[in-house]
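Novice: the following comprises the amino acid sequence and a computationally predicted model.
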Amino acid sequence: MTRTLVASKSKTVTIGFDEPFCVIGERINPTGRKKLAAELEAGDFSTVEKDALEQVACGAMVLDVNAGVVYNSNPNPNETEPPLMRRMIELVQGLVDVPLCIDSSVPAALETGLSVAEGRPLVNSVTGEEERLEAILPLVKKYDVPVVAISNDDTGISEDPEVRFAVAKKIVERAADHGIPAHDIVVDPLVMPVGAMATAGRQVFTLVRRLREELGVNTTCGASNISFGLPHRHGINAAFLPMAITAGMTSAIMNPVRQVEMEAIKAANFLMNNDPNGAEWIRFAKVLDVVAEGTPFPDAARAAQAAGGRGGGRRGGRRRSA
């Protein structure tokens, strides 16, 4: 069975067909978050700290770190993003002991992140675009890390699932040319908004099955894309995720602070026999009991984490430098 290993300094997470669904926390990302972007430009990392701790307490197994702030003082990301990425990664891995997903469209920022990240982070991402393949695959090979492969190329994002599959296959084959095995490729088949394309859900389920059966790769997605533009989005996301898991999807970049989505994932793990004896479900149910009494989900999750001494928190300790 295909297994993709990601690791922090002392914790390994396995993404695999017979493993619990891997939740990659999405919130350390200034895209669409004006307040966070302004804080980062001002050197204020308080929201990053809060988001790191909260996401892990709520069930994130990996944390995505994105430093894509367009500075008002300097709009050139090639200059501003690498040092910000370094600072954010050093901060986050000093707070929590979970693997990181280094997320950037700037190759220099990815390499800076890779140079300071402990363990074996996931790189987000490479596409089928020639320039991107030539820039990112050598980095992936150099640092011996897994990479998210997004199914678009120089022609853009196709609505045709056959084209998206072909792009994924191309990336896997080009990665092999660099000596990168298929088990280190985590394909994002691109989830379209169901509000704009009625067949979006069915498309991605079919794609995930093909990616698993024909290419033998793990998969991920930006889970909230499925509900973009729709009311009561979290209910749609909570239905989509177990269906994607049943189709073979093995991870998602998502917001773990949303109770309804995490509840759906925990239940799906149990039903797929990836939660031995329902131990994780029982632990999670205790958190839900506290929520039912009026405590917000993130607070209940953090209290349970503190009481159990679990969840990836870290006290002090510093990291190696580049």
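Specialist: Received it, and whenever you're ready, just let me know what you need.

Novice: same for the helix or strand where V48 lies, what does it pack against?
Specialist: Taking DSSP states H and E as the criterion, V48 maps to helix 46-58. If you count contacts as 3 or more CB pairs under 8 Å, 6 or more residues apart in numbering; DSSP states H and E, helix 46-58 packs onto strand 22-28, helix 34-41, strand 62-66, helix 77-95, helix 297-308. Every residue, glycine included, has its C-beta placed from N, CA and C.

Novice: out of these, which gets nearest to V116?
Specialist: helix 77-95 (5.4 Å; CB to CB).

Novice: ok, and what's touching the closest one?
Specialist: 8-9, 28, 40, 45, 48-49, 52-53, 63, 65, 67-71, 74, 100, 102, 104-106, 108-113, 115-118, 313-314, 316-319, 322 (CB atoms under 8 Å, 6 or more residues apart in numbering).

Novice: ok, for V204, nearest residue in space, not its chain neighbours?
Specialist: V191 (5.2 Å; CB to CB, 6 or more residues apart in numbering).

Novice: run a quick neighbour tally on that neighbour.
Specialist: For V191, the count of nearby residues is 25 (other CB atoms under 10 Å).

Novice: equivalent analysis for S73, please.
Specialist: Counted with other CB under 10 Å, S73 comes out at 6.

Novice: distance of it relative to G43?
Specialist: Separation of S73 from G43 (CB to CB, to the nearest Å) stands at 12 Å.

Novice: with K169 instead?
Specialist: K169 is 44 Å from G43, by CB to CB.

Novice: give me the more crowded residue out of those two.
Specialist: K169 (19 against 8).

Novice: list the contacts of the more buried one.
Specialist: So K169 contacts E214, L215 (CB under 8 Å, 6+ apart).

Novice: SS state for R283?
Specialist: helix (DSSP: H, G, I helix; E, B strand; the rest coil).

Novice: that one against A304, yeah?
Specialist: Yes: between R283 and A304 there is a contact at 7.3 Å, judged by CB atoms under 8 Å.

Novice: so the two - more neighbours on which side?
Specialist: Using other CB under 10 Å as the criterion, R283 and A304 rank with A304 on top: 18 against 14.

Novice: quick one: the closest residue to E19 other than its chain neighbours from W281, how far?
Specialist: Leaving aside its sequence neighbours, E19 sits nearest to N274 (CB to CB, 6+ apart; 6.2 Å). In this view, N274 and W281 are 11 Å apart by CB to CB.

Novice: check E81 too.
Specialist: 40 Å.

Novice: which one of these two has more residues nearby?
Specialist: Remark: of E81 and W281, E81 carries more neighbours, 24 against 16, as counted by other CB under 10 Å.
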